[in-house]
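Participant: Below are the sequence and a predicted model; questions follow.
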Amino acid sequence: MKNNERRTNGFPSGQNRTPHQGQFYAIGLSYQKADAEIRGHFSVSKEAQDAIIAQAKKEGVPSICVISTCNRTEIYGFAAHPYLLIKLLCEHTQGTLEEFEQVSYIKKGNEAIRHLYRVGTGLDSQILGDFEIISQLRAGLKRSKKAEMLNAYMERLGNSVIQASKRIKNETEISTGATSVSFAAVQYMMQHVPDISEKNILLFGIGKIGRNTCENLIKHTGNTHITLINRTKTKAQQIAGKFNVVVMDYANIQSEIAAADILIVATGAQQPTISKELLYLNKQLLVLDLSIPMNVAPNVAENPFVKLVHLDELTQATNETLVHRQGQLPQALSIIEAVEKEFLDWSRNRKFAPTIQALKAKLSSIKAGEIDNQRRKRSNFDQEQAEVISDRLIQKITTHFANHLKDDNVETESSIQLIESIFNLNQKDS
């Protein structure tokens, strides 16, 4: 932990908590308050995600999931205090506690659940309806499960969010129309670069955003002057075969930049890959940085021939597609509400189900003893009828208790303790 960090006191209580797991939290930061530079400080590589999970396991965190995209970094998990999760994030990134406190959010219990539904369904994305985040969530859950750091509660919640995402995709038009980070870049070029189809375009990096950008360029601009460069040339050649574009060696990047009219950078590196030292220009160059952390050093803008545009600027544009998607929000929120209710019902029932089962067993034991007693006392005792009546009474009694525990206005844990005390229930034997 960095020296400038401090502990905060107090341990929260409330819903979505078990005696040994603590409270369910979501901690993180996103494009809404954190600019690209700060988001870059908290960007978490796959290796760092594994390290966070491993350290969480050592420190007794029972369940955790990490997601990191160009627009957000978040940790979901159970902890006695959110500081434990914040500490893990700061220790495995370049971010400091001071930075985190300025731009972060900490959500717990049902608020954290609600946040995850909005994130996972694309409603909290920088571009509304961008569903790429759900694949990141799937990968995060899979990584945690592989490390045995995903408890039944979080696995059920994750699957519920994935279900909501699928329903929104299938039942609404919130994801229709070409709108994504990659398309926003192409849209920007089409709006600001005359004769875009004739320009020389250099694409550096062929990760998911790079591939999508290449596809959108070809589809929407008809440009046939696209060159790919990637540190691993074989990967670039595989993409080139699909899109019929030119591949050049990484060693030629300086001369290729000089020949380009537009440079698109999407390498996904943790440090800048393009600096002003690479630029030997005698004409205007538009540079689009689609990466978090930023892959283009700020000093590139010092070159008088360069216009540098970063990811955040690209995604500010509002178009007809986004207006249409806004109109789909009520239906999407309705779907989330229904799916979330199912999960919360399951969660509440899961808390008191052992108590209700133990109560039913206790009443059944009392019933059996009383029926046996009455059978021996009465010669004309109708045991079958007594069984039916008793079972119906037990069912009605336990249903009343269950409904009481489901009531949002009831302090569930206190009620459970009272029921267990009154009936002398031993859940270990139930």
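Facilitator: Sure thing, it's come through.

Participant: residues making contact with stretch 234-250?
Facilitator: Taking contacts as C-beta atoms under 8 Å, 6 or more residues apart in numbering, the residues outside stretch 234-250 that touch it are 206, 211, 214-215, 218, 226-231, 233, 256. (Glycine included, C-beta is placed from N, CA and C.)

Participant: Would you mind putting these into CSV with distance to I38 alongside?
Facilitator: What follows is those, written out as CSV (distance: C-beta to C-beta, whole Å):
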residue, distance to I38
I206, 27
R211, 27
C214, 29
E215, 30
I218, 34
I226, 32
T227, 32
L228, 30
I229, 29
N230, 28
R231, 26
K233, 34
E256, 31
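
Participant: can you give me the helices for the stretch 301-430 of the chain?
Facilitator: All helices of the stretch 301-430 of the chain, identified by DSSP state H, counting those that start in this stretch, fall at 311-314, 320-326, 329-377, 383-406, 412-423.

Participant: Can you give me the domain boundaries for this protein?
Facilitator: 17-176, 181-313, 352-429 (automatic domain parsing).

Participant: Quick check: mean pLDDT of the shortest one?
Facilitator: Per-region confidence: domain 352-429 scores 85 on mean pLDDT.

Participant: Pick the most buried one from the domains of the chain.
Facilitator: domain 17-176 (a mean of 20; mean count of other C-beta atoms under 10 Å).

Participant: confidence score at K108?
Facilitator: Note on K108: pLDDT of 94.

Participant: quick one on the thing from earlier: check the contacts of stretch 234-250 against E313 and report the nearest one.
Facilitator: Of all the contacts of stretch 234-250, C214 has the smallest distance to E313: 20.6 Å, by C-beta to C-beta.

Participant: Relative to S175, how far out is that closest one?
Facilitator: Distance, C214 to S175, using C-beta to C-beta, to the nearest Å: 21 Å.

Participant: if we can go back for a sec, tell me which of the contacts of stretch 234-250 fall in helices.
Facilitator: Among these, the ones falling in helices (DSSP state H) are 211, 214-215, 218, 233, 256.

Participant: What ranges does the chain have for its strands?
Facilitator: For the chain, the strands defined by DSSP state E occupy 17-18, 22-30, 64-68, 72-79, 105-108, 201-204, 226-229, 246-247, 262-265, 285-289, 306-310.

Participant: in its sheet, what does the longest one sit against?
Facilitator: As defined by DSSP bridges, the strand partners of strand 22-30 come to strand 17-18 (antiparallel), strand 72-79 (antiparallel), strand 105-108 (antiparallel).

Participant: Same check on the last one?
Facilitator: On the basis of DSSP bridges, the sheet neighbours of strand 306-310 come out as strand 285-289 (parallel).

Participant: Now do the strand it pairs with, average pLDDT.
Facilitator: 94.

Participant: Distance from the chain centre to it, please.
Facilitator: Computed by C-alpha atoms, centre = their mean, to the nearest Å, the chain-centroid distance of strand 285-289 equals 29 Å.

Participant: One more: stretch 217-226?
Facilitator: So, by C-alpha atoms, centre = their mean, the centroid of stretch 217-226 is 33 Å from its chain's centroid.

Participant: same check, this time on stretch 410-430
Facilitator: For stretch 410-430, the distance to the chain centre is 36 Å (C-alpha atoms, centre = their mean).

Participant: Kindly report the same for stretch 153-163.
Facilitator: That offset, for stretch 153-163, works out to 11 Å (C-alpha atoms, centre = their mean).

Participant: can you tell me how far F381 sits from Q374?
Facilitator: Counting by C-beta to C-beta, the gap from F381 to Q374 is 5 Å.
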